[in-house]
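1. whatever this is, show me its structure:
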Amino acid sequence: MNTGKTYKTKQRECILECIRKKADAYITIQQLSDELERQDRKVGLTTIYRTLDKLEQEKAIAKISIDGVGATCYRYLPQDDDIFFSLKCEKCGNVINIDCAELAHLYRHLSHEHRIIINPGKTMFYGICEKCVGAKAMTQVDI
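-> Sure, this is the predicted structure:
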């Protein structure tokens, strides 16, 4: 019988620690498994899948599909009220995480005026990253 308790096993803590260390990136199950193996930590794929499902239910991580990435990706979620979003560069393909308090205004507006709630952990914007745009500051958005 599932009582909804969270058990803090060594394997669970290893998986969460590995994802937390890559907090500014998305990681696939294969990358996670490879990283755990590099650390000489023996965790089977079944355990990884099961643990990731539980961590997602606990809102410790976000699960997201990213265009161009053949596998599901996971990201550590801050446990405070940080507002962040991710941008996938349409030129280089990199995913950049951006912590921006200005988004709080947008999320609040969408909630109050349109009665929808945004899930920042699964929000992905598409555009061009700073590196691909170049070193000069953008003063106008080209659409």
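2. from now on I want contacts and neighbour counts done on CA atoms only, so please keep to that.
-> Fine.
3. how about the secondary structure of residue 50?
-> Three-state call for residue 50 (DSSP: H, G, I helix; E, B strand; the rest coil): helix.
4. residue 72 and residue 30: what is the separation?
-> 10 Å (Cα to Cα, to the nearest Å).
5. can you check residue 48 too?
-> 10 Å.
6. which residues are in contact with stretch 113-124?
-> 61-64, 75, 77, 83-88, 107, 110-111 (Cα atoms under 8 Å, 6 or more residues apart in numbering).
7. most neighbours among these, which one?
-> Per-residue neighbour counts (other Cα atoms under 10 Å) across the contacts of stretch 113-124 peak at residue 61, which has 24 neighbours.
8. wait, what's in contact with it?
-> Contacts of residue 61 by Cα under 8 Å, 6+ apart are 52, 55, 74-77, 121.
9. what pLDDT does the model give it?
-> Residue 61 carries a pLDDT value of 87.
10. list the contacts for the closest residue to it other than its chain neighbours?
-> For residue 61, ignoring the flanking residues on the chain, the nearest one in space by Cα to Cα, 6 or more residues apart in numbering is residue 76 at 4.4 Å. By Cα under 8 Å, 6+ apart, the contact set of residue 76 is 19-20, 22-24, 60-62.
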